[in-house]
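Enquirer: Show me the folded form of this:
(chains A and B)
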Amino acid sequence: MSQRKGFYLLTLLVVLLPLLFPDNYFVTVVAVSAGLNAILAVSLNLLMGYAGQISLGHAAFFGMGAYTSAILTTKFAWNPWPAMVAGMILTGTIAFFMARPVLKLKGHYLAMATLGFGIIINIILVQAVGLTGGPDGLGEIPTLSFFGWQVDTDLRWYIVIGSCMLLVVWLALNLINSRSGRALRALHGSEVAAEMMGIDTTATKTGVFVMAALIASLAGSLFAHQQSFVSPDSCDFFFSIELVTMVVLGGMASTYGAVFGAIVLTFLPELLVVFEDFEVMIFGAILMSMMIFLPQGMFVGMQNLLQRLTHRRSALPGEDPNEPA
Amino acid sequence: MNLLEVEGLEKSFGGVTAISDLHFEVPPGLVYSVIGPNGAGKTTLFNMLSGIYKPDEGRVRFDDHDLNGLLPHQVAQLGVSRTFQNLQLFFNMSVLDNVMVGCHLRSHSGPLSGALRLPNVRREEELTEHWGHEALEFCGLDDLIGREASALPYGALKRLEIARALASRPRLLMMDEPAAGLNDTETVELRALIRRICDAGITVLLVEHNMGLVMQVSDRILVLDYGSRLAEGSPEQIRSDPKVIEAYLGGEVQYAV
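Expert: Residues are numbered from 1 along each chain as shown, chains lettered A, B, ... in the order given. The predicted structure is shown next:
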């Protein structure tokens, strides 16, 4: 199916980029950030796009993963791998206990609650100076190594994060087209009907919330080791908003849309640097016009447009090249 | 043995009594209709039977299970499914996906095996798709399989809700005003569909305002008025019951049979 073709295309893109443009700043540095953002956007999209539960605090889970890895490896000299797992366990547990009360809320109220949660986590990271280094953050985080293969160059990080992104995309695509994925989408369509079809909506919401948090935590740990530095700024409220923007910009309820949104939103500011003072203004204008002209999101909107064009083409008589004249 | 037994059911919303001291039994294999003027408590009754509302008093028993205190998905697990008065379809999904959600209780794979797309998940998906096709075919929707639910006309949406409910293979199917908004041809088709469902061994509990349909399709009828039981019996008995004629039909007998 086209889902699978899309995945092959994405894999091809990830593999070809460093081969075509070796040592290019945009590939080895910006694309790595884009990959991390794509992981986060795909996980948030599971929660927001598919299950319809908005979260304005997704960066907090990212931050929890990043800080757990940072603290355990620098202050307690843990190996990065168990630290990463510890981060996921911590984040997953907090998400689990938070999910029940918070996901009872809907719409704006849910947005406010998750926003509050994100801010609380950020304040803790700033205030707990002894553990987190406060506003200055934590540095000298060791890098990852796979059985002696040190991930110590930009290209190696590209490989690691690129593979992780592909894995997360693959899992998300599979999940959405499975029984549990249908349950998620059903919950978005009509909660009462989903219940009546035998779906435990509370458990399903909790499940997707925890899953999104676990993926975000993983991305956070990768981020900490890749940057070898974390600060509260890297997981603040604005980053949560940026993630939501990525999902909406790419197109809600589309995994490729989320990846696309993450790529655009990571590259755009880098490309707009040439406009210097006008950078932020142009950035805002682009976002606005995107939403006005492609309200379903860039990726989904363009996909629909393309489909309509090809349909119209095939509907016209005499244009079919296979048709005998 | 009755499939559904309702005893002394009560429900009020902030001092307004919606259902009071209601009792009735539904034997298996019948089309059992609940009628009554607007605001008589029919939808409230459905919502209590399906676990959406909690009754203030009384008991609901379904096939020897106490339904009191169960959540809708637990009620569904016992073999009860329903359609809704205002369409509650998954408009963000395709027609086939809608009925495949209906098969949720007949399949078992979890999120992890789904994300990894293990071989047994693939088999289950094929089977679920097959069940989905079956349910759509049963309701005469097979030519709409590839469409998005949001692109369907109203009459087809009504049938899609029934197909989705049937996909769960319920023993009791509750239909809340399935004929509302349908034209005459569609209503005739609906009548045939309800009979087919009943013939397939599924007990049907029907709330409907279209008297012609109710009189033709029902085996038994319960008449509600102000939340309590006014009369119960076969269509003939109901038709000639003076209380029903008085209260429900406003003194004149007029059905378009």
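Enquirer: Helix or strand with the lowest mean pLDDT in chain B?
Expert: Within chain B, confidence by mean pLDDT, DSSP states H and E is lowest for helix B:242-247 among all helices and strands, at a mean of 83.
Enquirer: Output the below-cut-off pLDDT ranges for the chain.
Expert: As the question left the chain open, I've gone with chain A. A:1, A:312-325 (pLDDT under 70).
Enquirer: not what I meant, chain B
Expert: Low-confidence segments of chain B (pLDDT under 70): B:248-257.
Enquirer: one more time with 90, if that's ok
Expert: In the predicted model, chain B carries pLDDT under 90 at residues B:1, B:14-16, B:36-40, B:64, B:146, B:225-227, B:242-257.
Enquirer: Please report phi then psi for residue B:204.
Expert: phi -110, psi 130 (degrees, to the nearest 10).
Enquirer: Now do the contacts for it.
Expert: Residues in contact with residue B:204, defined by Cβ atoms under 8 Å, 6 or more residues apart in numbering or on different chains, are B:30, B:31, B:32, B:172, B:173, B:174, B:175, B:194, B:197, B:198. Heads up, the C-betas are built off the backbone N, CA and C, glycines and all.
Enquirer: May I see the PyMOL selection of the buried members of those?
Expert: Buried residues within those, by 16 or more other Cβ atoms under 10 Å in any protein chain shown, are selected in PyMOL with:
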select buried, chain B and resi 31+32+172+173+174+175+194+197+198
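Enquirer: What segments of the stretch 1-150 of chain B are helices?
Expert: For the stretch 1-150 of chain B, the helices defined by DSSP state H, counting those that start in this stretch cover B:42-49, B:72-77, B:95-102, B:111-116, B:119-138.
Enquirer: Can you add distance to residue A:242 and give these back as JSON lines?
Expert: JSON lines is the format used below for these (distance: least, Cβ to Cβ, whole Å):
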{"stretch": "helix B:42-49", "distance to residue A:242": "42"}
{"stretch": "helix B:72-77", "distance to residue A:242": "36"}
{"stretch": "helix B:95-102", "distance to residue A:242": "31"}
{"stretch": "helix B:111-116", "distance to residue A:242": "26"}
{"stretch": "helix B:119-138", "distance to residue A:242": "34"}
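Enquirer: To chain A, which of these lies closest?
Expert: helix B:111-116 (2.9 Å; Cβ to the nearest Cβ).
Enquirer: Stretch A:78-90 near chain B anywhere?
Expert: No - Stretch A:78-90 does not reach chain B (Cβ under 8 Å from any Cβ of the partner chain); its nearest approach is 14.5 Å.
Enquirer: how far does that stretch sit from the chain's center?
Expert: Relative to the centre of its chain, stretch A:78-90 is centred 20 Å away, using Cα atoms, centre = their mean, to the nearest Å.
Enquirer: Mind listing what's buried along it?
Expert: The neighbour-count check on stretch A:78-90 (16+ other Cβ under 10 Å) flags A:78, A:80, A:83, A:84, A:86, A:87, A:88 as buried.
Enquirer: who in the stretch 1-150 of chain B is up against chain A?
Expert: Residues of the stretch 1-150 of chain B lying close to chain A by Cβ under 8 Å from any Cβ are B:50-52, B:71-73, B:76-77, B:81-82, B:84, B:88-93, B:97, B:100-102, B:104-105, B:107-111, B:113-117, B:121, B:124-125, B:128.
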